[in-house]
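A.B. asks: can you look at this prediction? I've put the sequence above it.
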Amino acid sequence: MDASPTTASPSVFSHRDFRRYLSAGFLAILAMQIQSVAVSWQIYSIARTPLALGYVGLFQFLPMMACTIPAGHLADRFDRRLILVISQLFSAIAAGGFLMLAVTRTAVIWPFYAVLALFGAARAFMGPAAQSFVPLLVPQDQFPQAVAWSSSTSQVAVIAGPAIGGAIYILGPAVDYGVCLALFVIIAVVIFGIRSRSVRYEAEADTTVLERVTAGIAYVWRKPLILGAFSLDLFAVLLGGATALLPVYARDILHVGPLGLGVLRSAPALGAAMLGLALGQRALQRRAGLAMFACVAIFGIATIVFGLSRNFALSIAALFVLGASDMVSVYVRTTLTQLATPDAMRGRVSAVNRLFVGASNELGEFESGVTATWFGTVPAVVIGGVGTLVIVAVWYRLFPSLREVDRLSEVTP
């Protein structure tokens, strides 16, 4: 990576609404991570099978798949701030559902999946509105720094969340869910206080409702640059989804318990946060496309190392590298997507991005659970890492426009 110092990033924090948005984003990721640790540990304790963990991702992905594209259309037609507030309130309802299950000591799994589906639907509406809201909070020339700071701050929450969740779980899962319920309500209040308003765009003339709703898909399909970035991340993370199997590694392979699970889940975020903070200070200026391909390849190698490791320290190191390399992909993809999309389309294009991300993360969890059931946990992780390297090689040939991206600041719609 060729980076050069920039003086623009400190001025990002001079914008009040961006500071509030950053705080809300931090708390949202913190709450989701605390909740994720509690849910995954509870479900695996009840079912004791990797496939049960796979269904955690599937039951979040299915409502996201159904709702994300319409949610992008709503983000372009209505106030994105209010959509975010409502989404957080529904997340609070989901946390309340988990709290009830914990208090009643439910020993069957399907109610957990039902609440996860509600939470997935809330995230479906949250994603497009959140991604398309950031460009409205800072000037365009500061947007790459805003992306870096937003991503790194989120990763700090991903570091702290699992560790906090694992520690609190000692007091019982109900405490985890109660904390999450309170946090989601606080987040809704913070976002409601943001003064910036998104522009409500009128429906395009001579188009049907279906055409307007699916316009983001059509736009991405016509833009090989965006399509390549989305699909590279999709298949790489889909195949390399080792993090979904961390409860298995923590309990049965590394034998480190729920607190160790929290540390393992924090390791990728620590790597991502440190690199994100570096990008916030020294923005990536040249050869951004090549950097993205190289770091996705490193992601695959780190996945293989983690899959084969039986040493707790080596596993943490592999996950750290995995998170740091993924951060570059997120930074490049998010920045070029928003800069290559006109604001009137950002909600719908962000919805497509969110669908790809949801497929790679939540559906990737299901894929990991299924392959672990078929082949065993370790072979499933190693096969995923090798598959990621294959995807990098193929995509490098298929999408020359992506590998040739030099300066992100030069990307335009």
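C.D. replies: Thanks, I have the structure now.

A.B. asks: flag the shaky bits of this structure, pLDDT-wise.
C.D. replies: Applying pLDDT under 70 to the chain flags residues 1-11, 197-213, 240-241, 280, 283, 285, 357-365, 367, 409-413.

A.B. asks: elements contacting the helix or strand harbouring G57?
C.D. replies: Taking DSSP states H and E as the definition, one finds G57 inside helix 50-77. Counting contacts by 3 or more CB pairs under 8 Å, 6 or more residues apart in numbering; DSSP states H and E, helix 50-77 packs against helix 16-47, helix 80-103, helix 110-133, helix 209-213, helix 215-222, helix 246-248, helix 343-358, helix 364-375. The C-beta positions use only the backbone N, C-alpha and C, and glycine is treated the same way.

A.B. asks: show me the contact partners of the last one.
C.D. replies: When contacts are defined by CB atoms under 8 Å, 6 or more residues apart in numbering, helix 364-375 is touched by residues 49-58, 61, 237-242, 244-245, 248, 379-381, 383-384.

A.B. asks: drop anything exposed from those residues.
C.D. replies: Buried subset of the contacts of helix 364-375 (neighbour count, 16 or more other CB atoms under 10 Å): 50, 52-58, 61, 237-242, 244-245, 248, 380-381, 383-384.

A.B. asks: am I right that V392 sits in a strand?
C.D. replies: No. Counting by DSSP: H, G, I helix; E, B strand; the rest coil, V392 is not part of a strand but helix.

A.B. asks: that one touches A236, doesn't it?
C.D. replies: Yes. V392 is in contact with A236 according to CB atoms under 8 Å; the separation is 7.0 Å.

A.B. asks: between the two, which one's more packed in?
C.D. replies: A236 (30 against 21; other CB atoms under 10 Å).

A.B. asks: just the element for that one, please.
C.D. replies: helix 224-239.

A.B. asks: hang on, the earlier thing: and for V392 and A236, which residues touch both?
C.D. replies: V296, G300.

A.B. asks: returning to what we had before: the helix holding G57 vs helix 343-358, what angle?
C.D. replies: Angle of helix 50-77 versus helix 343-358, following axes from the mean of the first three to the mean of the last three CA atoms, to 10 degrees, is 180 degrees.

A.B. asks: begin at 86 from here
C.D. replies: Noted, 86 is the first residue going forward, which turns the last one into helix 135-162.

A.B. asks: tabulate the helices and strands packed on helix 135-162 (JSON lines), appending distance to F228.
C.D. replies: Output for the helices and strands packed on helix 135-162, formatted as JSON lines (distance: least, CB to CB, whole Å):
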{"stretch": "helix 101-132", "distance to F228": "10"}
{"stretch": "helix 165-188", "distance to F228": "16"}
{"stretch": "helix 195-218", "distance to F228": "12"}
{"stretch": "helix 294-298", "distance to F228": "26"}
{"stretch": "helix 300-307", "distance to F228": "19"}
{"stretch": "helix 331-333", "distance to F228": "33"}
{"stretch": "helix 428-443", "distance to F228": "12"}
{"stretch": "helix 449-460", "distance to F228": "28"}
